[in-house]
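1. I would like the atomic coordinates for the input below:
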Amino acid sequence: MNDERLLELIAAYGAAPMAWPEAEREAALAHLDAHPARFEAALADARALDHAFSTEVLPDAPAELAGKIMASAPWPDTRAARRPGPGLAGRMKELVFPNGLRWPAGATVAALVMGLFAGVATAPATAENGYSTDGEQVVYSALGYDNFAAYIEEVDG
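-> Prediction:
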């Protein structure tokens, strides 16, 4: 600690050592105790200023000031765009796209919906003649239900 730094601390933080930065407080107090005469004038000025600050009555802020500050603060444009619209469509949009509309997610969802709709709309559950289709035969065979095993079960059963 040197004289210049101690004078800076007194000028910046006042005469009370508890207001000084904790990291420098011990060294500053030791330097002040070693050379008290060097800092008498600076401490007297700082005490006078501290006293003036402590006796000054600060006015209370008006109650509507916080509201005015918040009203004048800039808001990002995304707030208005992210509000769900009225009705079911708006709530669904907020549910499906919680972070706003994004192209990759929207394209993926659209492709999924169109694929499911096309698959359900164009594929009959069974063939027109009541027998299973070739696709169903493949699935049944993969699961272990081929026609021969079903025939054996009917004859035994």
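2. mind showing which ranges of this protein have poor pLDDT?
-> Applying pLDDT under 70 to the chain picks out residues 76-86, 98-103, 123-133, 145-157.
3. which helix of this protein spans the most residues?
-> helix 103-122 (DSSP state H).
4. what element comes up after the one helix or strand A11 maps to heading to the C-terminus?
-> Here A11 sits within helix 3-13, counting by DSSP states H and E. Using DSSP H and E, the helix or strand that follows helix 3-13 in sequence is helix 22-34.
5. Name the SS class of P74, please.
-> Following DSSP: H, G, I helix; E, B strand; the rest coil, P74 is assigned to coil.
6. neighbours of it, just the number please.
-> Close neighbours of P74, defined as other C-beta atoms under 10 Å, add up to 5. All C-beta spots, glycine's among them, are computed from the backbone N, C-alpha and C.
7. And A105, how close does it get to H35?
-> As for A105, its distance to H35 is 70 Å (criterion: C-beta to C-beta, to the nearest Å).
8. Counting neighbours, go ahead and name the busier of these two.
-> Between A105 and H35, A105 has the larger neighbour count (other C-beta under 10 Å), namely 13 against 10.
9. how about that one, what does it touch?
-> F97 (C-beta atoms under 8 Å, 6 or more residues apart in numbering).
10. What are the buried residues along the next helix or strand after the longest helix of the chain?
-> Sequence order places helix 134-142 as the next helix or strand after helix 103-122, per DSSP H and E. Using 16 or more other C-beta atoms under 10 Å as the test for burial, helix 134-142 gives no buried residues.
11. just stretch 25-38 next, same as before
-> 28, 31-32.
12. Any chance of those residues in a markdown table with distance to E64 as columns?
-> As requested, the buried residues of stretch 25-38 are exported to a markdown table (distance: C-beta to C-beta, whole Å):
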| residue | distance to E64 |
| --- | --- |
| A28 | 44 |
| H31 | 49 |
| L32 | 47 |
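13. Can you give the distance of the helix holding A11 from its chain's centre?
-> Distance of helix 3-13 from its chain centroid, counting by C-alpha atoms, centre = their mean, to the nearest Å, is 42 Å.
14. then that helix to PDB, C-alphas only?
-> Taking Å, rounded to 0.1, in the frame of the first residue of the first chain, the C-alpha atoms of helix 3-13 are listed here in PDB:
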ATOM      1  CA  ASP A   3       0.200   7.000  -0.100                       C
ATOM      2  CA  GLU A   4      -1.400   7.500  -3.500                       C
ATOM      3  CA  ARG A   5      -3.600   4.400  -3.300                       C
ATOM      4  CA  LEU A   6      -4.700   5.200   0.300                       C
ATOM      5  CA  LEU A   7      -5.700   8.700  -0.800                       C
ATOM      6  CA  GLU A   8      -7.600   7.200  -3.700                       C
ATOM      7  CA  LEU A   9      -9.500   4.900  -1.300                       C
ATOM      8  CA  ILE A  10     -10.400   7.700   1.000                       C
ATOM      9  CA  ALA A  11     -11.600   9.900  -1.900                       C
ATOM     10  CA  ALA A  12     -13.600   7.100  -3.500                       C
ATOM     11  CA  TYR A  13     -15.000   5.300  -0.400                       C
END
